[in-house]
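1. Structure for the following, please:
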Amino acid sequence: MKLILLWFLALLVYLPNAQARPSVGAIRWDYWFGGSPYSPLITQAWDLRRPASATRNNDGTINMQLDRQEVVDQEILDASNAGIDYFSYVSYIGYDGDGLTFGPNRALAYHLKSNYKSKMKFSLILSSHHLGLTKSANNHTAWEKTKKIILSFVERPEFMRVNSKPLIYFMDAEIFENYWGSSEEARQKLSELKTYIESKTGQTPIVVALSWTNYHWNLLANKIPNFFDGVTSYANAPTFDNTDANGFNWGQANVEIAYADLEKGCVGRDRKFRNSFNQDVYVVPSITTGWDERPLKGTDPYYQRDLKNSWCSHAKPEEIANHVAETLNWVEARSKNLNTVLMYAWNEYLEGGFLAPMVQDGDARLKALEKVLKTATVTQPLQKVLKKETLQFASGGVVSITNNCAVSGDYPNTCKAELNIGSVTGGVIAMTVKSEATNETLAACFLQSGGNYSAPWINYNLKTKFKTYLVSNCTTDSYLSGKPLYELSLSFVEENVGTPITPITPVVPIGPQLQVTKQRFSGSSSINLINNCSEAGDYANTCAANFQITSESSSTTIIYTVESSASGQEVMATCFNAATGGSYRAPWINYGLKTTFRTYKSSNCLKSDIKSQNRLEQSELWFK
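-> Presented below is the predicted three-dimensional model:
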């Protein structure tokens, strides 16, 4: 019987199905601040690396001082609109007292102050060489303070969680012990940190080992689960011209390799890394958006870059989007996962990994990413659901299936059906089988009492019919003249047995829009705003407003006052010659408060002239 059916077995092709996707994080390395030794390395020669948020100085050089509130605000909106769920900040805790003051930490500070912080979660990438032996590990007082700083971030509602637990990444994981004196000391300090956070929050953090790049992955083998709960990589790059200890050839030296090359390109490196670990390891797959460190060769102020290193070609937006979609599918198919992926990177401009809007490419990468992440189009196999159809021709010989055909059959794309055939009177039972690809054939014979039958070859793609006949003597062709009793048809349909996910149309958040009202009381002098307060102010959450005050013929001077809704106090700001007027810059207009400016005519710039009968005009500024 099996030999008769073998020839029609066919391969099942799965159809795409919308499912809830894993979360997506983007690494941030924010060494873009005033005085950073890296900022001057973004030059005209590497204009492809210039982000849209950078400006040009008067001498033509590029101003990479990006630690500004309005820059981080816009980056949160850009990333959120594209479907990115969290920023993962490379944190330099140990270099300042709060984890927010030191240059590279300031972007996180602006994130936490942002009016849009609820739109973007954040996690930390801690580093052993910031926390270890040279910093706080052997100093009990310092270590206690460091733990409190880390806790202050974890406790925030914006902190990223997976499986309802705080998510922390740990860089330099492959040489973790080197910075802590010994393996035991390192294990103890990490255990202390996790226990401390759990005691304060009720949630044990998930700590993921973050390898620097994929040529270090083999060094992580003994770190999991002794130290960490999972593993990921910072970036996966085509680096050395050699064969590593695992027998993998890293390709040619100092040449460009196609980004999407599945063996030696960035995409191939990412796949090799994530597939290097057993199914029992929690893997957060890394998605490298690019690698080209040539601007740093011979210029990096801290690290010696290998001049032999190769690089990936500049990735097309659709290549990155396809890599993301394929990686999300890989996560969904893996039985043990943390349901998140980590992208390298948001702003690693010098190393060639970036998603932020750029001067040359604009937001093309984010638009391509949005098509993958905002439509929830993670392709997953549909559930194969068994359908049964029956026909009763006469009494007896009922064929019933006693399982769901959930056990794999003897051949690919088949399952095993266990059948029970009911009794009959007046003869014996002949049972036949027929698929959509075969003729009806005698399968088995049963006495009047019926019996059991096992069919380990039910094809997922083809309907299979079992039919019983009442016969006097069961022979090969006896069913042809027998009396039909009962028919059972088994087939499969592919269904989404869960709740379908309806793609959500992205809602683009509206930024703070300046509102201005003016009211004239007397005279001709006017308060004219000559910009839209888009320039950053001197303090967090403020902008700079520039005004022009026109002349007034009926007084000697013009008094200019300011009043905010927070203070409720009108204060003299400055005086102008009434014949000429003048300009005034207010670098502290708060986004959340209404600010009122008024002018008064005055005989000699006297505070006593600030009275209602001397008012000329007022202008109110606020944001919504």
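2. Chain neighbours aside, what residue packs nearest to Ser310?
-> Pro238 (4.5 Å; Cβ to Cβ, 6 or more residues apart in numbering). Just so you know, the C-beta spots here come from the backbone N, C-alpha and C atoms, and that holds for glycine as well.
3. Tell me the spacing between that neighbour and Tyr259.
-> 10 Å (Cβ to Cβ, to the nearest Å).
4. again with Ala82
-> From Ala82 across to Tyr259, the span is 19 Å (Cβ to Cβ).
5. Compare the two and say which is more crowded by neighbours.
-> Tyr259 (25 against 22; other Cβ atoms under 10 Å).
6. Could you verify my assumption that Asp609 touches Thr561?
-> No - with contact defined as Cβ atoms under 8 Å, Asp609 does not reach Thr561; the gap is 10.6 Å.
7. Contact partners for the nearest residue to Arg56 once chain neighbours are set aside?
-> Spatial nearest neighbour of Arg56, excluding adjacent residues (Cβ to Cβ, 6+ apart): Ile62 at 6.2 Å. Ile62 is in contact with 42-44, 50, 54-56, counting by Cβ atoms under 8 Å, 6 or more residues apart in numbering.
8. circling back: got any residues that touch both of Pro238 and Tyr259?
-> 265-266, 312.
9. okay, these in TSV with distance to Glu389, pLDDT and neighbour count next?
-> Converted to TSV, the shared contacts of Pro238 and Tyr259 look like this (distance: Cβ to Cβ, whole Å; pLDDT from 0 to 100; neighbours: other Cβ atoms under 10 Å):
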residue	distance to Glu389	pLDDT	neighbour count
Gly265	51	88	27
Cys266	51	92	33
Cys312	55	92	27
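10. Which strand in this structure has the most residues?
-> Assignment by DSSP state E gives strand 483-495 as the longest strand of the chain.
11. any common contacting residues for Asp609 and Thr561?
-> Common contacts of Asp609 and Thr561 (Cβ under 8 Å, 6+ apart): Tyr600.
12. quick one: Ile287 from Val372, how far?
-> 11 Å.
13. Pick out whichever of those two has more residues nearby.
-> Neighbours around Ile287 and Val372, counted as other Cβ under 10 Å, are more numerous at Ile287. The numbers are 27 against 23.
14. for the closest residue to the more buried one other than its chain neighbours, what are its contacts?
-> Once flanking residues are discounted, Ile287 sits nearest to Met343: 4.5 Å by Cβ to Cβ, 6+ apart. Counting by Cβ under 8 Å, 6+ apart, Met343 makes contact with 24-27, 84, 286-287, 289, 324, 355.
15. tell me which element Ala444 falls in.
-> Here Ala444, judged by DSSP states H and E, is contained in strand 441-446.
16. Which elements pack onto that strand?
-> Counting contacts by 3 or more Cβ pairs under 8 Å, 6 or more residues apart in numbering; DSSP states H and E, strand 441-446 packs against strand 428-435, strand 451-459.
17. pretty sure Gly230 contacts Leu338?
-> Yes - counting by Cβ under 8 Å, Gly230 touches Leu338, with 5.8 Å between them.
18. overlap in contacts of these two?
-> 206, 208, 282, 284.
19. and the first one, what is it in contact with?
-> By that I understand Ile206. Counting by Cβ under 8 Å, 6+ apart, Ile206 makes contact with 162-163, 165-168, 229-230, 282, 338.
20. Out of those residues, which is nearest to Asp98?
-> Ile168 (17.7 Å; Cβ to Cβ).
21. that's a strand at the closest one, yeah?
-> Yes - the assignment for Ile168 is a strand, going by DSSP: H, G, I helix; E, B strand; the rest coil.
22. re the thing from before, can you name the next helix or strand after the helix or strand hosting the residue nearest to Ile287?
-> Using DSSP H and E, Met343 sits in strand 340-344. Following strand 340-344 in sequence order, the next helix or strand is strand 347-348 (DSSP H and E).
23. Okay, buried residues for the longest helix along the chain please.
-> Longest helix in the chain by number of residues, with DSSP state H as the criterion: helix 183-201. Under the neighbour-count criterion of 16 or more other Cβ atoms under 10 Å, helix 183-201 has 185-187, 189-190, 193-194, 196-197 buried.
24. Please export the C-alpha coordinates of stretch 471-483 as CSV.
-> Output of stretch 471-483 as CSV, limited to C-alpha atoms (Å, rounded to 0.1, in the frame of the first residue of the first chain):
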residue,chain,number,x,y,z
VAL,A,471,-18.7,-7.6,1.0
SER,A,472,-19.2,-11.3,1.4
ASN,A,473,-15.5,-12.2,0.8
CYS,A,474,-12.8,-9.6,0.9
THR,A,475,-10.6,-9.9,-2.3
THR,A,476,-8.7,-7.4,-4.3
ASP,A,477,-11.6,-6.2,-6.4
SER,A,478,-14.5,-7.2,-4.2
TYR,A,479,-15.3,-3.6,-3.3
LEU,A,480,-16.3,-3.0,-6.9
SER,A,481,-19.5,-5.1,-6.4
GLY,A,482,-19.8,-4.4,-2.7
LYS,A,483,-22.3,-2.2,-0.9
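25. which of the residues in it are buried?
-> Buried, per 16+ other Cβ under 10 Å, within stretch 471-483: 471, 474, 478-479, 482-483.
26. ok, now stretch 565-583?
-> 572, 575-576, 578, 581.
27. And stretch 559-566, by the same measure?
-> Neighbour counts over stretch 559-566 (16+ other Cβ under 10 Å) mark 559-564 as buried.
28. Share the number of residues neighbouring Tyr453, please.
-> Neighbourhood size, Tyr453 [other Cβ under 10 Å]: 17.
29. What residues are bridge-paired with it?
-> According to DSSP bridges, Leu419 are recorded as the beta-bridge partners of Tyr453.
30. Check the gap between the residue lying closest to Tyr584 once chain neighbours are set aside and Tyr560 for me.
-> Using Cβ to Cβ, 6+ apart and skipping the chain neighbours, the partner closest in space to Tyr584 is Phe547 (4.7 Å). Taking Cβ to Cβ as the measure, Phe547 falls 8 Å from Tyr560.
31. Pull up the overlap in contacts between the two.
-> 584, 597.
32. just to revisit the earlier point, closest one of the buried residues of helix 183-201 to Lys308?
-> Each of the buried residues of helix 183-201 was scored against Lys308 by Cβ to Cβ, and Ala186 proved nearest at 32.0 Å.
33. Strands along the stretch 251-400 of the chain, start to end?
-> Taking DSSP state E, counting those that start in this stretch, the strands of the stretch 251-400 of the chain run over residues 256-257, 286-288, 311-312, 340-344, 347-348, 353-354, 383-392, 399-401.
34. Packing partners of the longest one?
-> Judged by 3+ Cβ pairs under 8 Å, 6+ apart, strand 383-392 is in contact with strand 399-401, strand 483-495.
35. how about a cut-off of 6 Å?
-> Judged by 3 or more Cβ pairs under 6 Å, 6 or more residues apart in numbering; DSSP states H and E, strand 383-392 is in contact with strand 483-495.
36. Could you do the last one as well?
-> Other elements packing on strand 399-401 under the criterion 3+ Cβ pairs under 6 Å, 6+ apart are strand 414-421.
37. and the strand it packs on, what's its mean pLDDT?
-> Taken as a whole, strand 414-421 has a mean pLDDT of 93.
38. just how off-centre is it within its chain?
-> 45 Å (Cα atoms, centre = their mean, to the nearest Å).
39. how about it: buried residues?
-> Quick answer for strand 414-421 (16+ other Cβ under 10 Å): 414-419, 421.
40. and the angle for it with strand 441-446?
-> Orientation of strand 414-421 against strand 441-446 (axes from the mean of the first three to the mean of the last three Cα atoms, to 10 degrees) gives an angle of 40 degrees.
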